[in-house]
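*Asks:* Have a look; sequence and predicted model below, questions after that.
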Amino acid sequence: TTPLLRRDGQLVPVGWPEAMAYVREALGPLVQSAPQRVGVFGSGSLTNEKTYLLGKFARVALRTPHIDYNGRYCMASASAALNRTFGLDRGLGFPLDDLPRSDLIVLVGANIAETLPPVMQYLKAARDRGGAVYAIDPRVTPTVKVAGRHLAPRPGTDGVLALGLLHLMKQWGRIRPTAPAHGLSDVLWHADDYPPARVAHECGVPEAELIALARAYADARTPLILTGRGPEQHTHGTDTVQAWINLAFLTGHVGKQGGGFGTLTGQGNGQGGREHGQKNDQLPGARSLRDPRHRAQMAAHWGVP
């Protein structure tokens, strides 16, 4: 409820003028002589407006390139997979009230009953309209109990499971890319190495359950894959999420209302934190720091080099 400053090893309450003076005196010399020695760390709990201001403050006022936010520990691998696959980081590219339009929702490593409770109403609405909900999670979570259908792969095998499903989609003639797909033959060639028997063995799931999920996905008109932290927080999290994106894209469901792929945020505004200026390789409006045109747009907007 009040600023705290450390004195003799103890945090002591002080007024705002004293706290602001301390920050100004600490930052002033650094900003003048070595701004790259200043780092800014934000949060997925900030609103879009605060996120934008924090990013501008770091880059324009402090003149430091070192800004990031706690989404780096959260869903950055999903962000990288989206950028690598679509050229755009848009975690959830549709409104939540599209979810009930799905006739199959596949939750991958997402325990939303405990982490995103408001989303549960949309899952229940999908079920009320006749849709099926699969929870893919090594644990029996509260979400699993609501979903009604559960596949429990060994931890770390999410990517193997995605490749196994893609293998069966190819075998059953369900490959219909949403748009022209660069590298299609390489991806399908890789999936050839993951037949049901191997996937069942590596994932520790009955082969019949794997095939039942694959059949449900193949027969659905608008299947939707939603990933959470489970597949993302792996040593190979980006590749794992990309395997699930490939499954949705190569079966032709991305862009359908109620279908396709989305990644659920780990915090209330994890997506806004990335799209509006806190992520270190992105500028506001989901612009890429690597794109000269995007850098020029923001430089002109802010009136800086």
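*Replies:* In hand now; what should we look at?
*Asks:* Check the secondary structure at residue 262 for me.
*Replies:* At residue 262, secondary structure determined by DSSP: H, G, I helix; E, B strand; the rest coil is strand.
*Asks:* Could you list the buried residues of stretch 240-249?
*Replies:* By neighbour count, with 16 or more other CB atoms under 10 Å as the criterion, the buried positions of stretch 240-249 are 240-249. For the C-beta atoms, the positions are set from N, CA and C on the backbone; glycine is no exception.
*Asks:* so how far is residue 248 from residue 219?
*Replies:* Residue 219 is 15 Å from residue 248, where distance means CB to CB, to the nearest Å.
*Asks:* Which members of the buried residues of stretch 240-249 occur in helices, if any?
*Replies:* 240-249 (DSSP state H).
*Asks:* biggest separation within the residues you listed, which pair?
*Replies:* Distances among those were taken as CB to CB; the most separated pair is 240 and 249, at 15.2 Å.
*Asks:* Show me where the stretch 51-200 of the chain has its helices.
*Replies:* Here the stretch 51-200 of the chain has its helices, by DSSP state H, counting those that start in this stretch, at 76-86, 112-115, 120-128, 142-147, 158-171, 184-191, 196-203.
*Asks:* Using CSV, write out the CA atom coordinates for the longest one.
*Replies:* Presented in CSV, the C-alpha positions along helix 158-171 are these (Å, rounded to 0.1, in the frame of the first residue of the first chain):
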residue,chain,number,x,y,z
ASP,A,158,3.1,-34.5,-26.3
GLY,A,159,4.9,-34.0,-29.6
VAL,A,160,5.1,-37.7,-30.3
LEU,A,161,1.3,-37.9,-29.8
ALA,A,162,0.7,-35.0,-32.3
LEU,A,163,2.9,-36.7,-34.9
GLY,A,164,1.1,-40.0,-34.4
LEU,A,165,-2.2,-38.3,-35.0
LEU,A,166,-0.8,-36.6,-38.2
HIS,A,167,0.4,-40.0,-39.3
LEU,A,168,-3.1,-41.4,-39.1
MET,A,169,-4.6,-38.3,-40.8
LYS,A,170,-2.3,-39.0,-43.8
GLN,A,171,-3.1,-42.7,-43.8
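*Asks:* Run through the neighbouring helices and strands of that helix.
*Replies:* Here helix 158-171 is seen to pack against helix 184-191, helix 196-203, helix 207-219, helix 229-232, helix 237-250 when contacts are counted using 3 or more CB pairs under 8 Å, 6 or more residues apart in numbering; DSSP states H and E.
*Asks:* Swap in 7 Å and give it another go.
*Replies:* The helices and strands touching helix 158-171, judged by 3 or more CB pairs under 7 Å, 6 or more residues apart in numbering; DSSP states H and E, are helix 184-191, helix 196-203, helix 207-219, helix 237-250.
*Asks:* and that helix with helix 196-203, angle?
*Replies:* 170 degrees (axes from the mean of the first three to the mean of the last three CA atoms, to 10 degrees).
*Asks:* Check what contacts helix 158-171 and list those residues.
*Replies:* Helix 158-171 is contacted by residues 108-109, 136, 153, 175, 188, 190-192, 194-196, 199, 202-203, 210, 214, 217-218, 230-231, 236, 239-240, 243-244, 246-247, 250-251 when judged by CB atoms under 7 Å, 6 or more residues apart in numbering.
*Asks:* Kindly supply the ChimeraX command isolating those of those that are buried.
*Replies:* Typed into ChimeraX, the line below selects the buried ones among those, using 16+ other CB under 10 Å:
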select :108,109,136,153,175,188,191,194,196,199,202,203,210,214,217,218,230,231,239,240,243,244,246,247,250,251
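*Asks:* Any chance of JSON lines for the ones in helices among the buried residues of stretch 240-249, columns pLDDT and distance to residue 130?
*Replies:* Listed next are those as JSON lines, based on pLDDT from 0 to 100; distance: CB to CB, whole Å:
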{"residue": "240", "pLDDT": "96", "distance to residue 130": "30"}
{"residue": "241", "pLDDT": "96", "distance to residue 130": "29"}
{"residue": "242", "pLDDT": "96", "distance to residue 130": "31"}
{"residue": "243", "pLDDT": "97", "distance to residue 130": "28"}
{"residue": "244", "pLDDT": "97", "distance to residue 130": "24"}
{"residue": "245", "pLDDT": "96", "distance to residue 130": "26"}
{"residue": "246", "pLDDT": "96", "distance to residue 130": "28"}
{"residue": "247", "pLDDT": "97", "distance to residue 130": "23"}
{"residue": "248", "pLDDT": "97", "distance to residue 130": "21"}
{"residue": "249", "pLDDT": "96", "distance to residue 130": "25"}
